[in-house]
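Asks: quick one: sequence and predicted model below, then my questions.
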Amino acid sequence: MDKSNIADEFKQALAKSGKDAAPLILGSEGRYSLEYVPFEHVNIEAKLVIVGITPGPTQRDDAYDETKHLSRRGLADAEILRRVKRHAAFGGPAMRPNLERMLDEMGVMTLLSGGRAAELWAGRAHLLHATSAVPHAAFVGGKPFAGSFEEIRRIDLLRRCFEQDFLPTLSRLRPDAYYIALGPTPAAALAFAADRGRIDRSRILGWLAHPSTQGGSQVSVYLGKKKVAELNPKDPVRHRASALVAAAEEMRARLKASLMQRAAA
């Protein structure tokens, strides 16, 4: 699909059917498919960049609904995209609260002069740029994509989205912005970007547990609120608990180093 005309086509479809409109398909490859999400806005003033894997169905639907609502008010396209991103990015009844909980308890907000993480989607939204390694909604066999970065690079449909819709946006961001990934897949995407000089590796703070409902108890394990021995023997988080604990320790160390570096400047 020609992306130069996609915004107009998307708005016309929403004007007719709104949130329940059939998703706008960008492409497919075997079992993989990619659906348009109006998340093009890049917050060039952001001091914190949070990177997920790909928007899920909840974020897609919320973005569609908000786009229709704002379009009826006659706002300019750029303003619609800005507001839609703030409204729907990392949204959902579990995802955003879990994300806010981790940001607060890990002390990330101290790098932004304090406050609560919830403010990043409200009065201090100018501090946050929310994005994903695959910025449009990716699916495998109809289920949200949750694979590895190697899989993104291997599947042409996903690789093109990463290379065309994610990597170029990095040059528009502040060179002193901090980067946080939601899980090892976007962490690998950030490492890839740093290897190619797109971002400063020292600004990558590490990764948080993915905050979606599918993550189960991993947020609690990541934050040290639940020990591996306390998990149900059938809990799949048991198999990645050591990686979660190690990632949390690394995040705390990098946060401490960043705060010390800032204090010394």
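Replies: Thanks, I have the structure now.
Asks: can you map out the helices along the stretch 51-200 of the chain?
Replies: Remark: helices assigned in the stretch 51-200 of the chain by DSSP state H, counting those that start in this stretch are 57-71, 77-88, 95-106, 149-154, 156-161, 184-195.
Asks: please enumerate the strands of the stretch 151-265 of the chain.
Replies: For the stretch 151-265 of the chain, the strands defined by DSSP state E, counting those that start in this stretch cover 178-182, 204-208.
Asks: please identify which of the helices of the stretch 51-200 of the chain is closest to residue 218.
Replies: helix 95-106 (9.4 Å; C-beta to C-beta). Heads up, the C-betas are built off the backbone N, CA and C, glycines and all.
Asks: ok, and the closest non-adjacent residue to residue 63?
Replies: Excluding the flanking residues, the one nearest residue 63 by C-beta to C-beta, 6 or more residues apart in numbering is residue 88, at 4.1 Å.
Asks: list the contacts of that neighbour.
Replies: Counting by C-beta atoms under 8 Å, 6 or more residues apart in numbering, residue 88 touches 39, 55, 59, 62-63, 66.
Asks: please repeat the previous calculation with a cut-off of 6 Å.
Replies: Counting by C-beta atoms under 6 Å, 6 or more residues apart in numbering, residue 88 touches 59, 62-63, 66.
Asks: need those in TSV (columns: pLDDT and distance to residue 149).
Replies: As requested, those are exported to TSV (pLDDT from 0 to 100; distance: C-beta to C-beta, whole Å):
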residue	pLDDT	distance to residue 149
59	95	20
62	94	26
63	94	24
66	92	29
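Asks: quick one: contacts for residue 193?
Replies: 170, 199.
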